[in-house]
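1. structure of the sequence below:
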Amino acid sequence: EQASAQRRSEVKVPQLQALARQPKALAQPMPAYPAALVPRGSEGTASVRFYVDETGRVRLPEVLAASAPEFGAAALAAVAQWRYEPPQHGGRTVVAADNWAFKFTAVN
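-> As a prediction, this is how the structure comes out:
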């Protein structure tokens, strides 16, 4: 009974914005416009969710939505390189979640 109750309880991961002191971004390169889409000159968007671990590294980035798969791939590649100061909550380092939305403008 107790073991099944523990399995049902969710782990609560705070959002970066909800922390009393938001960790500063140490490296945050923005995504490059996908080369495959340059001839079309299309604009697009991509939304990504990820976690920042206790060392400030991005973990488990995933595309939530993208107007084209190439925009999602570009956003994931950029976010995977991001680094933060270690997130802290209540005086200890924690894992925190964040979502980012990217807008891609056609390159002329």
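2. could you say which helix or strand holds the spatially most central residue of the chain?
-> By C-alpha atoms, centre = their mean, the chain has its centre lying nearest to Phe50, at 3.4 Å. Per DSSP states H and E, Phe50 falls inside strand 44-52.
3. that strand pairs with which strands, and in what direction?
-> Using DSSP bridges, the strands paired with strand 44-52 are strand 58-66 (antiparallel), strand 96-104 (antiparallel).
4. tabulate those strands (JSON lines), appending distance to Tyr33, mean neighbour count and mean pLDDT.
-> Where C-beta positions appear, they are placed from N, C-alpha and C, glycine not excepted. Below are the strands paired with strand 44-52 laid out as JSON lines (distance: least, C-beta to C-beta, whole Å; neighbours: other C-beta atoms under 10 Å; pLDDT from 0 to 100):
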{"stretch": "strand 58-66", "distance to Tyr33": "13", "mean neighbour count": "15", "mean pLDDT": "97"}
{"stretch": "strand 96-104", "distance to Tyr33": "6", "mean neighbour count": "17", "mean pLDDT": "96"}
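5. what residues does stretch 20-31 touch?
-> With contact meaning C-beta atoms under 8 Å, 6 or more residues apart in numbering, stretch 20-31 is reached by 16, 46, 52, 56, 71, 74-75, 77-79, 81-89, 96, 102, 104.
6. re earlier: isn't the residue nearest to the centre of the chain right up against Val63?
-> No: applying C-beta atoms under 8 Å as the test, Phe50 and Val63 come out as separate, 10.2 Å apart.
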